[in-house]
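**Student:** this is a predicted model, with the sequence first.
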Amino acid sequence: MHADEPPRIRQAARSTLPKPAARQRYVEMGELAALRQIRKDSRTLDAGSIPVGPFARLDAGDVAAQDGKTRGAITNLFGSQAAFQAETMALTLSAEGWIEQLEFPSPEDFPTAESWLDALLAGESARGPRHGSEPVVDYGFLWALWLSTVPYGLWSERIREPSMDEHVQLLRRLEGVIERALDHFDLRLRADTIVNDLACAIAGMIEGVWLNQCLTTQHPTDPDEPIATMLRRSGRLLWRGAVEGAGG
């Protein structure tokens with residue numbers, strides 16, 4: 001090559017992978033790129049308030065139009081569409097007020113501990129998301145919106161902190177009502193179990209079933225039963241495993 005010739009670009013060798021394997025490889029690379037992008041956005045989110053997930057697509061003009069107004073009605077209040085998006089996300093993430101309003105069934109209103117537990121879990125199913133329902137502002141739908149931000153919580157304290165604060169608040173409420181039920185029905189936990197163990201197990205089970213409730217209204221493996229049956233039956237197993245004399 002002469003000194004005045006431009007450098008030659010070396011072409012990458014043609015892939016020898018079969019087409020299905022090549023497609024799979026690029027999809028996996030895309031998955032990793034998506035995770036890296038979430039990590040990057042999460043770090044930006046902690047440095048300043050920015051919207052992520054569906055909140056980043058929230059259109060101030062569309063929202064204002066529902067009130068017969070223009071985008072300016074919102075941007076005048078918030079300063080910008082981005083600030084409106086970020087404040088909407090922040091309010092959704094900080095849902096402690098909804099937990100404060102939560103009322104569990106009173107143990108004193110039921111003849112047995114299991115009938116009380118059944119009512120509590122049926123109520124929790126109803127409080128959660130409901131597949132196919134019209135969007136409304138209630139705890140179940142806000143919880144589903146929260147799911148869209150969960151991957152950012154892997155790297156963002158701004159997402160993690162309000163989520164965990166709310167979860168701890170729910171656990172404290174569950175601990176209190178479980179203690180009341182044990183006292184009212186004259187029951188006690190097994191020697192290797194504490195109230196917090198049972199509260200954590202019930203809370204984790206509720207949110208696990210809520211994931212299914214986002215996708216179906218019926219029991220996943222028993223289509224003749226509603227999804228609430230899954231929560232109630234699983235809760236009964238937890239209770240019987242933790243409480244001496246339960247279900248005897």
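**Tutor:** Received the coordinates, thanks.
**Student:** the helices in the protein, which residues?
**Tutor:** 19-47, 60-65, 71-78, 81-93, 96-101, 113-127, 139-147, 157-184, 195-213, 227-242 (DSSP state H).
**Student:** among those, which is nearest Ser133?
**Tutor:** In this view, the helices of the chain are compared for proximity to Ser133 by C-beta to C-beta, and helix 139-147 is the closest at 7.9 Å. (Each C-beta comes from the backbone N, C-alpha and C, glycine too.)
**Student:** how far does the closest one sit from its chain's centre?
**Tutor:** Averaging C-alpha coordinates over helix 139-147 and over its chain gives two centres that are 6 Å apart (C-alpha atoms, centre = their mean, to the nearest Å).
**Student:** one step back: just put the helices of the chain in TSV and tack on mean neighbour count and mean pLDDT.
**Tutor:** As requested, the helices of the chain are arranged in TSV below (neighbours: other C-beta atoms under 10 Å; pLDDT from 0 to 100):
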stretch	mean neighbour count	mean pLDDT
helix 19-47	12	93
helix 60-65	16	94
helix 71-78	15	94
helix 81-93	19	91
helix 96-101	12	85
helix 113-127	19	97
helix 139-147	18	94
helix 157-184	17	95
helix 195-213	18	97
helix 227-242	19	96
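**Student:** and the ones you listed: which comes nearest Pro107?
**Tutor:** Nearest to Pro107 among the helices of the chain is helix 157-184; the distance by C-beta to C-beta comes to 4.1 Å.
**Student:** just want the angle from that closest one to helix 139-147.
**Tutor:** For helix 157-184 against helix 139-147, the angle between stretch directions is 140 degrees (axes from the mean of the first three to the mean of the last three C-alpha atoms, to 10 degrees).
**Student:** picking up where we left off before, including distance to His219, could the helices of the chain go into a markdown table?
**Tutor:** Below are these laid out as a markdown table (distance: least, C-beta to C-beta, whole Å):
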| stretch | distance to His219 |
| --- | --- |
| helix 19-47 | 31 |
| helix 60-65 | 37 |
| helix 71-78 | 43 |
| helix 81-93 | 29 |
| helix 96-101 | 26 |
| helix 113-127 | 11 |
| helix 139-147 | 18 |
| helix 157-184 | 24 |
| helix 195-213 | 9 |
| helix 227-242 | 5 |
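**Student:** of those, which approaches Thr221 most closely?
**Tutor:** The closest approach between Thr221 and any of the helices of the chain, judged by C-beta to C-beta, belongs to helix 227-242 at 8.6 Å.
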